[in-house]
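Participant: quick one: sequence plus predicted model below, questions after.
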Amino acid sequence: MASPKLKPNLSPAYQGSMLMIVAPSGAGKSSLVNALLQEDAALKLSLSTTTRAPRPGEVDGKDYRFIAREEFIIERDEGHFLEYAEVHGNFYGTSRAWIETQMKTGRDVMLEIDWQGAQQIRQMISEVQWIFIFPPSFEALEERLRKRGQDDEATIQRRLAAAHLELQHAHEADFIVINDDFEQALIDLRHVVAASRLRSGPIMARNPALLRRLGV
Ligand SMILES: Nc1ncnc2c1ncn2[C@@H]1O[C@H](COP(=O)(O)OP(=O)(O)OP(=O)(O)O)[C@@H](O)[C@H]1O
Ligand SMILES: Nc1nc2c(ncn2[C@@H]2O[C@H](COP(=O)(O)O)[C@@H](O)[C@H]2O)c(=O)[nH]1
């Protein structure tokens, strides 16, 4: 699904890292991202807007910005979203203004989005790194969704069916983290974040004086 008014190369001299984390529902991406954010103060998570109803315990402005479908369509048509997609029957989108601010100030950002959104972002921002989270099996995925206890049976079935399509896009990712043992997956994710911070683009953008001294 194409987002209107896409702007290529938002910031060729972006000094930070941008990471997109994509996985089938229930693979554990929110759990991993939350654990990472607790220990990595330099990493900022994008707050998505959604038309999905809040789950018990979810807070507007913290977990998502929850809005009505009609409101989402108006904001989408005004170009408010850098990317958006319809996922499991609801709209989800990333704020263009927020991303532009983070890129201007060189912050490291994490986007928890679906594969359609990841494809859109990749077309616009060449620096982005795409991380895909694998569950160890479909059985484990189903068990995790059930144990989470936040979705009704129809929602669980819809998400399990969508998992097959989501997984077909894993080959587009730069990194794959297998979330079987949680602690090991977190270690792998830390390594990916560390590697993304050592990419030549951000290092060069952050060290102009060194480049001058070295004649690079
Ligand atoms: N390695 C793991 N082993 C066992 N359970 C796990 C593991 N990682 C996460 N979980 C559990 O699986 C459930 C789903 O995790 P989580 O909500 O993080 O998934 P998600 O990919 O963000 O799903 P969604 O896209 O639906 O938001 C949670 O109850 C979480 O505690
Ligand atoms: N394209 C986008 N996808 C998003 C965004 N925020 C979340 N998501 C994805 O939606 C599904 C379902 O999430 P849930 O919270 O209802 O379980 C999941 O794959 C998310 O990653 C977004 O801004 N854009």
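Facilitator: Yep, that arrived. Residues are numbered from 1 along each chain as shown. Ligands and ions are numbered 1, 2, ... in the order given.
Participant: rest of the way, CA atoms for contacts and neighbours
Facilitator: Will do.
Participant: which stretches in the chain count as helices?
Facilitator: 29-39, 69-77, 96-104, 115-124, 138-148, 153-167, 182-197, 200-206, 208-214 (DSSP state H).
Participant: show me what counts as buried in the fourth one.
Facilitator: By that I understand helix 115-124. Trp115, Gln116, Gly117, Ala118, Gln119, Gln120, Ile121, Met124 (16 or more other C-alpha atoms under 10 Å).
Participant: give me the angle between that helix and helix 153-167.
Facilitator: 40 degrees (axes from the mean of the first three to the mean of the last three C-alpha atoms, to 10 degrees).
Participant: what's the mean pLDDT across helix 115-124?
Facilitator: Mean per-residue pLDDT for helix 115-124: 96.
Participant: for the buried residues of helix 115-124, which one is nearest ligand 2?
Facilitator: Nearest to ligand 2 among these is Gly117, at 3.7 Å by C-alpha to the nearest ligand atom.
Participant: before we move on, back to that, which one of the buried residues of helix 115-124 sits closest to Asp60?
Facilitator: Gly117 (21.4 Å; C-alpha to C-alpha).
Participant: got a list of what the closest one touches?
Facilitator: If a contact means C-alpha atoms under 8 Å, 6 or more residues apart in numbering, then Gly117 has Glu83, Tyr84, Ala85, Gly93 as its contacts.
Participant: show me which residues of the chain sit near ligand 2.
Facilitator: 22, 24-25, 48, 84-85, 87, 92-94, 112-114, 116-117 (C-alpha under 6 Å from any ligand atom).
Participant: again, only this time at 8 Å
Facilitator: Taking C-alpha under 8 Å from any ligand atom, the part of the chain that reaches ligand 2 is made up of 21-26, 29, 46-50, 52, 64, 83-88, 90-95, 111-118.
Participant: quick check: the nearest residue in space to Tyr92 that is not next to it in sequence vs Ala35, distance?
Facilitator: Leaving aside its chain neighbours, Tyr92 sits nearest to Thr50 (4.4 Å; criterion: C-alpha to C-alpha, 6 or more residues apart in numbering). According to C-alpha to C-alpha, to the nearest Å, Thr50 and Ala35 sit 23 Å apart.
Participant: these two: who's more crowded?
Facilitator: Thr50 (24 against 13; other C-alpha atoms under 10 Å).
Participant: any weak-confidence spans in this protein?
Facilitator: Counting by pLDDT under 70, the chain shows low-confidence ranges at 1-13.
Participant: from the residues of the chain next to ligand 2, keep the buried residues only.
Facilitator: Looks like the residues of the chain next to ligand 2 have 21-26, 29, 46-50, 52, 64, 83-85, 87, 91-95, 111-118 buried, using 16+ other C-alpha under 10 Å.
Participant: these also near ligand 1: which ones?
Facilitator: Ala23, Pro24, Ser25, Gly26, Lys29.
Participant: let's have those residues in CSV, adding distance to Glu183.
Facilitator: Below are those laid out as CSV (distance: C-alpha to C-alpha, whole Å):
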residue, distance to Glu183
Ala23, 17
Pro24, 19
Ser25, 19
Gly26, 17
Lys29, 13
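Participant: any idea how far ligand 2 is from the residue nearest to Phe134 when sequence neighbours are not counted?
Facilitator: Leaving aside its sequence neighbours, Phe134 sits nearest to Ile178 (C-alpha to C-alpha, 6+ apart; 4.7 Å). Distance, Ile178 to ligand 2, by C-alpha to the nearest ligand atom, to the nearest Å: 16 Å.
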